[in-house]
Each structure stands twice: as structure tokens, then as C-alpha cells.
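> I need the structure of the sequence given here:
(one chain, ligands or ions: 1)
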Amino acid sequence: MLEVEPSSQIEEPPLSRSAEDLKEFVSAGQGRWADLPASQWQDWRWQLQNRITSYEQLEGLAPNLAPEERAGALAASRKLAMSITPYFFNLIDFKDPGCPIRRQVIPRVEETQSAPGELTDPCDEDSHSPVPGLVHGYPDRVLMLVTDRCASYCRYCTRSRLVGRAPTESFESRLDQQIDYISRTPAVRDVLLSGGDPLLLNDQKLESILERLRAIRHVEFLRIGTRVPIFLPQRITKELCAILRRFHPLFISIHSNHPRELTVEARTALERLADAGIPLGNQSVLLRGVNDNPDVMKAHVQKLLMCRVRPYYLYQCDPVHGTAHLRTSVNTGLQIMRSLRGHTTGYAVPAYVIDAPGGGGKVPICEDSVLSWTTDRILIRNYEGRIFEYRQLPSHKPGSHQ
Ligand SMILES: *Cc1c(COP(=O)(O)O)cnc(C)c1O
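Residues are numbered from 1 along each chain as shown. Have a look, this model is predicted:
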């Protein structure tokens, strides 16, 4: 059961939103759960057991739901369930109807509407699955879906067709088939664990999957895609890090969209992972009303570097059913990229990509910096719009030396 505090005890989040404020590391605090013993608040299992999943819970905790949110929360169970960890819920500023945290996790009635071009499986993953729950879309790497659960559910989830609904066969039996496929496919040198969120598995389970993958000689590189450091930083325990560090080279891609997600708690979790020698990347989704703004995005990518996380991809939002209210134009994305490239640290600039509908993989979207091209010279434009000429040698085949 949720322990709901009287509203007089609700901590007032700061209202100002200057770039400097956005970059400040603020603790989520216990907020509405102020009376809970800290040890319980910091226990990731408590956080999972006490997630906000029903309309009634939400209504009891959220002082001023919009009618669109009420209707959205009531309808959510029919499509993508609602689930929000108390920790992440505390980051919502309920005085702000357009709060960027709120927009990511509280359902809205717009989710029940479909727009032209929207799909159930936008990246056509299901048809690139040689065995259930394994996507082999690129020559040398596979995506392995190891669970259908996440700590909280993103309203724009590209796998909303799968998450929160256990497959007919068990994950155990799927895992055997996935490991078997990778073992007999020597082209696979890179395995990306995803889901659902792999870090929701318990330590033993995760360790066993990583051990089985490491036992395959041609598997060189392991990765985990997770939003746990953002939704449930309490899960990043010393014990978990001690397990993960045995499987290097192991990279982790986190998923954060807005600087306010980078709290004291998230930074502590990310530092633990980085200290375990795990290179960290971030994947953001470009979302209307969340991060479709150059100042917000710049503060976010710079704050990620402060957490030792390298911005990796910025995704154009996949056209999954019921997400039109969260999507924005590619032109907006390009404007944001223009505001980053050259204007801030190169390490802070992600690649802006569209995961091609129909299964074409990630396609980088960039503005042409090459203006013209002849055999001996190329005309280029820099980040300020100034034009330069580079004289090049005649082209020849790439070197054949080893
Ligand atoms: C994103 C993705 C990968 C990994 O792609 P990288 O560009 O190497 O990060 C692999 N397989 C599938 C199906 C993917 O969608």
C-alpha cells in the first residue's frame, strides 16, 4: 500500500528554469513519502513494489490532474500500463501542467488516438527475429529482449506492443533459444541486452546471462540498454557493479531526456557504474514539450558529461500508435543539432538518427556540411555558417594493407 502524506508536507520544487538551474543537481527527496525510513526508500525492491500503477493511486497523490490525464490513466491498462516509481514521481512538478517529467510517464487520453503513419512495431523488429525475443537487424550485432518489464513505463515506448505482457513461452526457454542462436552464428560479435529493462532482473539472473554470453568465443562486446539509473537509481548497488565489472568490455547505454532527470541520486548511480570501468552512453528521444528546445538540450548534454555519460544517440521519436502529442518535426531536431555542434564540447554532441520505419536501422540525419565537390577540392561549411575550401588528393581505393 502507498503511504500518502498530507499535502501540507509536499516539498515545493523550485519554479525557475534558467539554464543554470537546469544544470544544478537536486535530490528527488522522499517528498510525499517523507515518513518512510530512509533504508526502505533506498531499497529498490520497495520502490518497485510501491510504484504508482492505478488511476486511484495517481488521483490520491497528484493534486491537479488534467482531464486528459485522468482519462489517460483510466485507459492506460488497455494499451501500455502506467507504472511510475515513487522516486521518479517525486521529480514531477505538479504546479506545471507541462512538466517535462510528467509528460514522459503520466498517460494522456491522446494515447488512445492514432495518427497517419503510426505503427505497432515501427522498426519492424518482429520480422527480423530469427528466434523469439532476439532481433538480428545488423550484420554483426543482435538485440536481446531479456524481460518485458521496466521500472517505469515511458508513454512513447517503441516496444509498447511487448512491454508489460509476458510472452506465451517463458523467458527461460526464450533465453536458451537466444543463446543457442548466438552460439551458432559466428557473425555476432556484439550483443545488446534490452527489453524491457535488463537491470530489473535480479543479480543472479543477470550474472547467469552475462556468463553464458561470455562463454561464446566470438562474442567480443557486451552492452546493456537501461533506464534504471534514471527511474530507479537505488538498483545500482555495489553488489550489482561488482558483477557487471567481471564482464568487460561491457558498455551501458542509459536513457535520459531532460536535465531534471539527472538528480543527485542518478549521478551517484552513474558514478558507481563509471567507477566499475563501464563506459556510459546516453540515448535521448526527441519529445515535444520535454526536450525540443535548444537550451534544454544543451543543458542536458553538458550535465550528462558531468555524470561521465557521453551522449550517444538522439532519436527522432518512433511513430508508434498514440504518440503524436509527443512527437515533433525533424526540422526541430536539426535546429537543435545546429545549436549543439561546434557550440559545445564534441563529446556532448549525440548523433541524431531516425530508426527507419520498416526495419532499415538507424539512419543519421545531418545537415549538409559539404556544399560542393570536385575531384580536387571540396567546399565545406562550419558551425558558424562560414565557408571553407579543402584541397584533396585524387581519390583511390581504401588501403588494402592489414
Ligand atoms: C540500435 C540497435 C542496435 C545497436 O546499434 P548501434 O548503432 O550499434 O548502437 C542493434 N540492433 C538493433 C536491432 C538495434 O535497433
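> ok, now how distant is residue 233 from the ligand?
23 Å (C-beta to the nearest ligand atom, to the nearest Å). Bear in mind the C-beta positions are built from the backbone N, C-alpha and C, glycine included.
> Same check on residue 176?
21 Å.
> Now tell me what touches stretch 166-175 from outside.
The contact list for stretch 166-175 (C-beta atoms under 8 Å, 6 or more residues apart in numbering) reads 131, 132, 133, 146, 147, 148, 209, 212.
> next one: stretch 251-259
With C-beta under 8 Å, 6+ apart as the test, stretch 251-259 has contacts from 22-23, 100-101, 104, 154, 221-227, 229-230, 244, 262, 266, 270, 273, 278-285, 287, 290-291, 296, 299-300, 303-304, 309, 312.
> and if you look at stretch 279-287?
Stretch 279-287 has contacts (C-beta under 8 Å, 6+ apart) with 100, 103-104, 154, 156, 225, 251-257, 270, 273-274, 291-292, 297, 300, 304, 307-317, 326-328, 332-333, 336, 350, 352.
> Mind checking which of the contacts of stretch 166-175 are in helices?
Mapping those onto helices (DSSP state H) picks out 209, 212.
> right, and the pair among the contacts of stretch 166-175 with maximum separation?
Maximum pairwise distance in these, criterion C-beta to C-beta, is 19.8 Å, between 148 and 212.
> For the stretch 151-300 of the chain, which segments count as helices?
171-183, 203-214, 228-231, 238-244, 264-275, 294-306 (DSSP state H, counting those that start in this stretch).
> How about the residue in the chain positioned nearest to the ligand: what's its closest non-neighbour residue?
Closest contact between the chain and the ligand, by C-beta to the nearest ligand atom, is at residue 137 (3.6 Å). Nearest residue to residue 137 in three dimensions, chain neighbours excluded: residue 128, at 4.6 Å (C-beta to C-beta, 6 or more residues apart in numbering).
> Tell me the pLDDT of the residue lying closest to residue 117 once chain neighbours are set aside.
In space, residue 117 comes closest to residue 319 once its chain neighbours are excluded; the distance is 5.2 Å by C-beta to C-beta, 6+ apart. Looking at residue 319, its pLDDT stands at 94.
> same check, this time on residue 4
Note for residue 4: predicted pLDDT of 44.
> need the residues of this structure near the ligand, please.
Neighbours of the ligand within the chain, by C-beta under 6 Å from any ligand atom: 135, 137, 138, 141, 143, 192, 362.
> The last one: how many residues sit nearby?
To tie it back to what came earlier, the one meant is residue 362. Neighbour count for residue 362, taken as other C-beta atoms under 10 Å: 16.
> One more: the first one?
Under the neighbour criterion other C-beta under 10 Å, residue 135 is assigned a count of 21.
> residue ranges of the strands in the stretch 51-200 of the chain, please?
Secondary structure of the stretch 51-200 of the chain by DSSP state E, counting those that start in this stretch: the strands cover 134-138, 141-145, 190-194.
> Quick one: list the elements packing against the second one.
For strand 141-145, the contact count by 3 or more C-beta pairs under 8 Å, 6 or more residues apart in numbering; DSSP states H and E identifies strand 134-138, helix 171-183, strand 190-194 as packing neighbours.
> returning to what we had before: in TSV, list the contacts of stretch 166-175 along with pLDDT and neighbour count.
As requested, those are exported to TSV (pLDDT from 0 to 100; neighbours: other C-beta atoms under 10 Å):
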residue	pLDDT	neighbour count
131	96	16
132	94	16
133	95	23
146	96	23
147	95	20
148	93	18
209	98	23
212	98	16
